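S.K.: Return a 3D structure for these sequence lines:
(one chain, ligands or ions: 2)
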Amino acid sequence: MTSIRIGNGYDIHQLGPDRPLILGGVQIDHELGLIGHSDADVLTHAIMDALLGALSLGDIGHYFPPTDPQWKGADSLKLLAQVNQLIQEKGWQVGNIDSVIVAEQPKMKPHISEMRDRLSTTLKVQPDQVGIKATTNERLGPTGREEGIVAYTVALLVPLT
Ligand SMILES: Nc1ccn([C@@H]2O[C@H](COP(=O)(O)O)[C@@H](O)[C@H]2O)c(=O)n1
Ligand SMILES: C[C@@]1(CO)OP(=O)(O)OP(=O)(O)OC[C@H]1O
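M.R.: Ligands and ions are numbered 1, 2, ... in the order given. Sure thing, here's the model as predicted:
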């Protein structure tokens, strides 16, 4: 019987005007926001894919199709709560997750503590089980040109106790 499972997740969303910038469930003041069918919370999407991937359960598009009007403007933290429920029903829980946000602007550092609080509450774990880091892309490529924001996540699952 396997006693740990690992998964990884990646997502990218385009930046544009007249959209909120929501990352890890936290709305951040910025002149541009992320474009998507849902609230386009790229960090929470990467986390969901990492959790699903750890149990070979497919990806978020399978559970929340971007073609389904039900998910228009969806609060991604609510989707994460559903994914967390699914992994718990399968007998697993989050051991820890670690994410990187790639964004030229704005500075994430002032918001990371609140993101960790919101995500850990949703995942029913402690904030120290949710790592979030940020980096610029040194002005290189689409993220460096501020055309979008990327997030990567690695997740470790342990048996539910
Ligand atoms: N959107 C961002 C990007 C970076 N940070 C913080 O700045 C540090 C330096 O970033 P470099 O890309 O120049 O290496 C990084 O370690 C983060 O602490 C940030 O808060 N928000
Ligand atoms: C959660 C969903 C729901 O439409 O969000 P989107 O904003 O479409 O974002 P994307 O990461 O392109 O695909 C995931 C979707 O399942």
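S.K.: ok, which residues in this structure are in contact with ligand 1?
M.R.: Within the chain, the positions near ligand 1 by Cβ under 6 Å from any ligand atom are Ala103, Lys107, Met108, Lys109, Ala134, Thr135, Thr136. Every C-beta, even on glycine, is put in place using the N, C-alpha and C of the backbone.
S.K.: Considering those, which possesses the most neighbours?
M.R.: Using other Cβ atoms under 10 Å as the neighbour test, these are led by Ala103, with 25 neighbours.
S.K.: Quick check: closest non-adjacent residue to it.
M.R.: If the residues on either side of it in the chain are set aside, Ala103 comes closest to Ile149, at 4.6 Å by Cβ to Cβ, 6 or more residues apart in numbering.
S.K.: who's that neighbour bridged to?
M.R.: Judged by DSSP bridges, the bridge partners of Ile149 are His13.
S.K.: Do I have it right that it meets Val42?
M.R.: Yes. Contact criterion Cβ atoms under 8 Å: Ile149 and Val42 qualify, at 5.4 Å.
S.K.: Need the residues touching each of those two.
M.R.: Ile12, His13, Leu23, Leu34, Ile101 (Cβ atoms under 8 Å, 6 or more residues apart in numbering).
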